[in-house]
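Engineer: pasting the sequence and the predicted model now:
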Amino acid sequence: MTPPDFTNATWRSSSYSSSNGGECVEVAFAAPVVGLRDSKDRAGGHLTLQASAWRALLHLLR
């Protein structure tokens, strides 16, 4: 399986995040997966979740 390519992905953070930056998780979508990364270390890699796992995580956090 080829790893998902997030090179041109649009990374987003929550509207509740501080406008100062550096203190949040960013998310990007590259169907059929979702990428998560730390805004303090954008070059440090990312976690990749299946879309179903992402939905389950959001459900648990709400």
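Structural biologist: Thanks, I have the structure now.
Engineer: what residues are up against the nearest residue in space to Pro3 that is not next to it in sequence?
Structural biologist: Sequence neighbours aside, Thr48 is the residue nearest to Pro3 in space, at 7.5 Å (criterion: Cβ to Cβ, 6 or more residues apart in numbering). Quick note: C-beta positions are derived from backbone N, CA and C, even for glycine. The contact partners of Thr48, by Cβ atoms under 8 Å, 6 or more residues apart in numbering, come to Pro3, Pro4, Val33, Val34, Gly35, Leu36.
Engineer: poorly predicted segments of the protein, please.
Structural biologist: Residues of the chain meeting the criterion pLDDT under 70: 1, 19-22.
Engineer: which residues of it fall in helices?
Structural biologist: Secondary structure of the chain (DSSP state H): helices at 51-61.
Engineer: next up, the contacts around Asp5.
Structural biologist: For Asp5, the contacting residues are Ala30, by Cβ under 8 Å, 6+ apart.
Engineer: cutoff 10 Å now
Structural biologist: Residues in contact with Asp5 (Cβ atoms under 10 Å, 6 or more residues apart in numbering) are Ala30, Gly35.
Engineer: ok, and the most crowded of the contacts of Thr48?
Structural biologist: Most neighbours among the contacts of Thr48, by other Cβ atoms under 10 Å: Val34, with 24 neighbours.
Engineer: my read is that it contacts Trp11, right?
Structural biologist: No. Contact criterion Cβ atoms under 10 Å: Val34 and Trp11 do not qualify, at 11.1 Å.
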